[in-house]
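Participant: sequence-free structure coming up:
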């Protein structure tokens, strides 16, 4: 679509007719802020595999607009996971696209397994939200951390940018064990007007992911680290991809295959994740999973996980 994003009177706007067409597709949702007349747009989780992503709708991953379509929060566009290396100059992405990187340089960063949040300003008020909701537990925790640690420091930030973070906290832990760390890791700064990631943003406020020393793509594909999700690869042309380690895929696949999502299984899963990250399979937990046939599928989980963790 042409003129999807335009600049009018120095305001960056989404074309309202195009916006309506995407919303009418049934693949995206809109959430109003509890106080302000601003709106968050994202993809519907259980329909995301059906979405045909294009250069316009890739922005519906946490974008926030006011009631006239002005862009207030400009998130990362939807980007994809590397599935396999095809040649010395290309790889296959999770959306089936063949990505060529022969003519562009890149930088690689640790992929923090947290919760994606964005900081932006509306009427000179700083607002931090999760990618999915203004009011969920992630947003609430992000606001707490921002207020307790950084409320005075963020006055140094440029309000014309959107600041992207991974929220890490033991309260909302996923698989990777970050210990007692509770913080907002700055993973990118996007200029609201251009939509471009600011490459060399000088940050002296927030923690950041580890940047890897210069590696070749082939070297990256040989990496496989325990208790780490993977890497984010940023190319000089502005494109980004995710690369997840084999260890992470194997553990997540086993967990997904073995659990039926009842409350009891969620509790078992939480304890199992703790055991996995400590490289220990608790015998009582193993027995509970193996013999609780009312809530589990056929499971050979602990033996397979032991193999993965002890490789």
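Facilitator: It's in. Since we're looking at a predicted model, the values are computed, not measured. Numbering: from 1, shown residues only.
Participant: any low-confidence regions in the stretch 201-311 of the chain?
Facilitator: Scanning the stretch 201-311 of the chain for pLDDT under 70 picks out 257-311.
Participant: which residue ranges of it form helices?
Facilitator: For the stretch 201-311 of the chain, the helices defined by DSSP state H, counting those that start in this stretch occupy 217-220, 246-258, 263-277, 283-291, 301-309.
Participant: centroid-nearest residue for the chain?
Facilitator: Geometric centre of the chain, nearest residue: residue 116, 4.8 Å, by C-alpha atoms, centre = their mean.
Participant: how about that one, what does it touch?
Facilitator: Neighbouring residues of residue 116 by C-beta atoms under 8 Å, 6 or more residues apart in numbering: 62, 76, 130-131, 164-167. For glycine as for every other residue, the C-beta is placed from the backbone atoms N, C-alpha and C.
Participant: ranges for the strands of the stretch 151-300 of the chain?
Facilitator: In the stretch 151-300 of the chain, the segments counted as strands under DSSP state E, counting those that start in this stretch are 161-168, 183-191, 230-235, 240-244.
Participant: ok, which of these comes nearest residue 109?
Facilitator: Closest approach to residue 109 among the strands of the stretch 151-300 of the chain is made by strand 230-235 (4.8 Å; C-beta to C-beta).
Participant: the closest one to strand 240-244, inter-axis angle?
Facilitator: If you take axes from the mean of the first three to the mean of the last three C-alpha atoms, to 10 degrees, strand 230-235 sits at 160 degrees to strand 240-244.
Participant: who does strand 230-235 pair up with?
Facilitator: strand 106-111 (antiparallel), strand 240-244 (antiparallel) (DSSP bridges).
Participant: that older thread, and the two most separated of the contacts of residue 116?
Facilitator: Across the contacts of residue 116, the longest distance by C-beta to C-beta is 14.9 Å; it joins 76 and 167.
Participant: coming back round to it: let's have the strands of the stretch 151-300 of the chain in JSON lines, adding distance to residue 138 and mean neighbour count.
Facilitator: Formatted as JSON lines, the strands of the stretch 151-300 of the chain follow (distance: least, C-beta to C-beta, whole Å; neighbours: other C-beta atoms under 10 Å):
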{"stretch": "strand 161-168", "distance to residue 138": "6", "mean neighbour count": "23"}
{"stretch": "strand 183-191", "distance to residue 138": "11", "mean neighbour count": "20"}
{"stretch": "strand 230-235", "distance to residue 138": "19", "mean neighbour count": "21"}
{"stretch": "strand 240-244", "distance to residue 138": "19", "mean neighbour count": "18"}
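Participant: quick one: closest of these to residue 10.
Facilitator: With C-beta to C-beta as the measure, strand 183-191 is the member of the strands of the stretch 151-300 of the chain nearest residue 10 (13.6 Å).
Participant: what about residue 66, neighbour count?
Facilitator: 17 (other C-beta atoms under 10 Å).
Participant: confidence score at the spatially closest residue to it that is not a sequence neighbour?
Facilitator: Closest residue to residue 66 apart from its sequence neighbours, by C-beta to C-beta, 6 or more residues apart in numbering: residue 38 at 5.3 Å. pLDDT, residue 38: 97.
Participant: which ones are touching residue 38?
Facilitator: Listed by C-beta under 8 Å, 6+ apart, the contact set of residue 38 reads 32, 64-67, 72, 122, 127.
Participant: if we use 6 Å, what do you get?
Facilitator: Residue 38 sits next to 64, 66, 122 when contact means C-beta atoms under 6 Å, 6 or more residues apart in numbering.
Participant: could you dump these into TSV with secondary structure and distance to residue 95 added?
Facilitator: Converted to TSV, the contacts of residue 38 look like this (DSSP: H, G, I helix; E, B strand; the rest coil; distance: C-beta to C-beta, whole Å):
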residue	secondary structure	distance to residue 95
64	strand	25
66	strand	31
122	strand	32
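Participant: can I get those in JSON lines with distance to residue 188 and pLDDT?
Facilitator: As requested, those are exported to JSON lines (distance: C-beta to C-beta, whole Å; pLDDT from 0 to 100):
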{"residue": "64", "distance to residue 188": "16", "pLDDT": "98"}
{"residue": "66", "distance to residue 188": "23", "pLDDT": "95"}
{"residue": "122", "distance to residue 188": "20", "pLDDT": "97"}
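Participant: thank you kindly, that will do.
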